[in-house]
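> sequence plus predicted model, see below.
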Amino acid sequence: MDTIITNGKMNRIKSKYRIIFLVLTIINNYFIVAFGQSNKEFERVINLSDARPDIGFYIYRHKDYETQIDLIKQYIGSENPVVRQNCYVWLAYIGYYVKNYRTYVVETLLDGMNDDHESVVYNCYSIMKQFFNKNDFSENALQKVKKLYYRQLEMFYVLNTYVNSENKKEKDSCWRIYINNPIHYDVIKLIGYLEIKELLPDFYRVLRDFKGRWGFNYADYPLMENPIENYAESRIINPWNIHLALAHMGDTSEINYCIRQFDLVVERNKNKPEIIFDPFMKDMVYIMQPQIISVFKKTLLLAEIDKYYVDFTYRCFRNLIKDFPMIGGEKDVAKEILDWLNANQNNIELNRLNVFKWVDY
């Protein structure tokens with residue numbers, strides 16, 4: 001009798017475990033199929049030439065960020081620059097939505113700036129500035145920024161030696177270095193924003209060398225006349241950006257210098273507001289110092305020349321001043337701006353943390 005009971009219990013136990021095993025098998029197969037479908041969708045998106053909308057939708061639907069990061073790590077070394085670019089953009093979106101990943105994402109985007117494809121570098125830099133702020137830069141990230149700068153600095157001297165050397169051997173050597181090591185970024189403004197002040201001696205040295213050692217007179221105009229074609233596009237340290245970075249970090253003489261240069265640009269291009277707005281008015285916003293408020297008050301007066309100056313100045317104030325209000329078009333917009341500034345002059349806070357996050361309205 002005991003044997004029969006024991007056998008009955010054993011059969012029930014075996015039946016119970018078979019059910020559990022069957023359920024687990026079904027669940028496992030479901031997840032294998034689901035992951036396979038997800039993986040195929042990931043592969044489709046990661047190869048798109050314009051993937052941002054699909055990346056955003058994918059992240060919204062799937063909250064498995066660790067799994068997504070693991071997949072990105074598999075693809076980020078692809079030979080296809082479109083895939084690499086999408087991997088960096090995908091990481092940026094994850095970091096934007098999930099705070100815990102931000103320092104890792106910023107460090108990875110800085111790695112992406114060493115990519116040999118210009119579009120990958122551009123996207124890494126632009127989306128990093130758009131999505132993140134200085135609080136997301138770890139000590140390791142700051143070290144990566146400095147390494148990018150030192151590489152850029154070295155190439156700056158190589159290129160200018162090429163331009164100015166009369167020694168053919170030296171010239172050919174410098175040119176080979178330059179064309180084999182393209183630099184597709186300019187981190188000067190980023191350094192100013194992050195306030196990496198240990199690099200200040202290098203900044204001042206570049207300004208001295210550019211004006212003194214090579215004799216280029218750029219002092220009267222921010223846009224330099226450069227001795228080789230497409231120099232500005234080569235991203236090898238534009239001294240104007242150094243002036244801006246020093247001004248952003250609070251160097252009073254540099255703030256005054258940049259304002260004088262801006263006034264000169266305005267004087268020469270009064271009837272071309274679109275040229276003055278981008279980049280020069282935006283450059284003034286980047287400086288993020290109280291003196292810039294007076295600069296934009298003066299541009300409001302240029303509405304007599306062109307009505308677009310009021311719109312451009314309003315957009316600059318929206319980015320320069322934290323919590324600057326939306327101003328409607330029912331009244332005199334310039335007067336509304338001036339009235340608000342006068343009423344709030346003792347309570348104005350500049351938007352220094354979000355200096356790169358341009359709001360275009």
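Thanks, I have it. Numbering: from 1, shown residues only.
> run a quick check on residue 296 versus residue 284, I expect a contact.
Yes - with contact defined as C-beta atoms under 8 Å, residue 296 and residue 284 form a contacting pair (7.2 Å). To be clear about C-beta, it is placed using only N, CA and C from the backbone, and glycine gets the same treatment.
> and for these two, which residues touch both?
residue 316 (C-beta atoms under 8 Å, 6 or more residues apart in numbering).
> who has more neighbours, those two?
residue 284 (24 against 21; other C-beta atoms under 10 Å).
> number of residues surrounding residue 67?
14.
> relative to residue 308, how far out is it?
49 Å (C-beta to C-beta, to the nearest Å).
> now do residue 202
38 Å.
> for residue 102, same thing?
37 Å.
> one more: residue 208?
38 Å.
> neighbour-wise, which of these two wins?
residue 308 (15 against 10).
> how many neighbours does the closest residue to that one other than its chain neighbours have?
Leaving aside its sequence neighbours, residue 308 sits nearest to residue 273 (C-beta to C-beta, 6 or more residues apart in numbering; 4.5 Å). The local packing of residue 273 (other C-beta under 10 Å) involves 23 other residues.
> residue 255 against residue 286, yeah?
No - using C-beta under 8 Å as the test, residue 255 is too far from residue 286 to be in contact (11.7 Å).
> so what's the predicted local confidence for the closest residue to residue 116 other than its chain neighbours?
Nearest residue to residue 116 in three dimensions, chain neighbours excluded: residue 182, at 7.1 Å (C-beta to C-beta, 6+ apart). pLDDT for residue 182: 80.
> please apply the same query to residue 166.
For residue 166, the model assigns a pLDDT of 87.
> give me the secondary structure label for it.
Per DSSP: H, G, I helix; E, B strand; the rest coil, the secondary structure class of residue 166 is coil.
> any idea which residue is closest to the centre of this structure?
residue 129 (2.5 Å; C-alpha atoms, centre = their mean).
> let me know whether residue 306 touches residue 273 as I believe.
Yes - under the criterion of C-beta under 8 Å, residue 306 makes contact with residue 273 at 4.9 Å.
> can you give me the helices for the stretch 201-350 of the chain?
Taking DSSP state H, counting those that start in this stretch as the test, the helices found in the stretch 201-350 of the chain are 239-248, 252-268, 273-275, 282-287, 291-300, 308-320, 333-343.
> on the C-terminal side of the helix or strand where residue 69 lies, identify the next helix or strand.
Take DSSP states H and E as the rule and residue 69 turns out to sit in helix 65-75. Sequence-wise, the next helix or strand downstream of helix 65-75 (DSSP H and E) is helix 81-97.
> what sits up against that following helix?
So helix 81-97 is contacted by 45-49, 51-52, 55-56, 59, 65, 68-69, 72, 75-78, 101-102, 104-106, 108-109, 112, 115, 117, 119-120, 123-124, 127-128, 131-132, 136 (C-beta under 8 Å, 6+ apart).
> same thing but 7 Å
46-49, 51-52, 55-56, 59, 65, 68-69, 72, 75-76, 78, 101-102, 105, 108-109, 112, 115, 117, 119-120, 123-124, 127-128, 131-132 (C-beta atoms under 7 Å, 6 or more residues apart in numbering).
> buried subset of these?
46, 51-52, 55, 59, 65, 68-69, 72, 75-76, 101-102, 105, 108-109, 112, 115, 117, 120, 123-124, 127-128, 131-132 (16 or more other C-beta atoms under 10 Å).
> so residue 113 is in contact with residue 124, correct?
Yes - Residue 113 lies in contact with residue 124 (C-beta atoms under 7 Å); the separation is 5.2 Å.
> dump the residue contacts of residue 59.
Contacts of residue 59 (C-beta under 7 Å, 6+ apart): 93, 94, 97.
> who wins for most neighbours among those residues?
Going by other C-beta under 10 Å, residue 94 tops these with 21 neighbours.
> ok, residues contacting stretch 108-122?
81, 84-85, 88, 91-92, 124-125, 128, 141, 144-145, 148, 184-185.
> could you list the low-pLDDT ranges of this structure?
Counting by pLDDT under 70, the chain shows low-confidence ranges at 1-38, 212-235, 329-330.
> got the domain boundaries for it?
2-132, 187-354 (automatic domain parsing).
> out of those, nearest to residue 158?
Within the domains of the chain, the stretch nearest residue 158 is domain 187-354; the backing value is 8.6 Å (C-beta to C-beta).
> kindly check the end-to-end length of the closest one for me.
Across domain 187-354, the terminal residues are separated by 17 Å (C-alpha to C-alpha, to the nearest Å).
> cool, and stretch 188-203?
Terminal-residue distance, stretch 188-203 (C-alpha to C-alpha): 9 Å.
> buried ones in it, by neighbour count?
188, 189, 190, 191, 192, 193, 194, 196, 199, 200, 202, 203.
> okay but the fourth one is in contact with residue 197, surely?
No - at 9.3 Å, residue 191 does not count as touching residue 197 under the criterion of C-beta under 7 Å.
> of the contacts of residue 59, just say which sits nearest to residue 175.
residue 93 (39.9 Å).
> test my guess that residue 46 contacts residue 74.
No - Residue 46 is not in contact with residue 74 according to C-beta under 7 Å; the separation is 9.9 Å.
> coming back round to it: for residue 157, find the nearest of the domains of the chain.
Judging these by C-beta to C-beta, what sits closest to residue 157 is domain 187-354, at 7.9 Å.
> return the distance of the closest one from the chain's centre.
Here the centre of domain 187-354 is set off from its chain's centre by 18 Å, with C-alpha atoms, centre = their mean, to the nearest Å.
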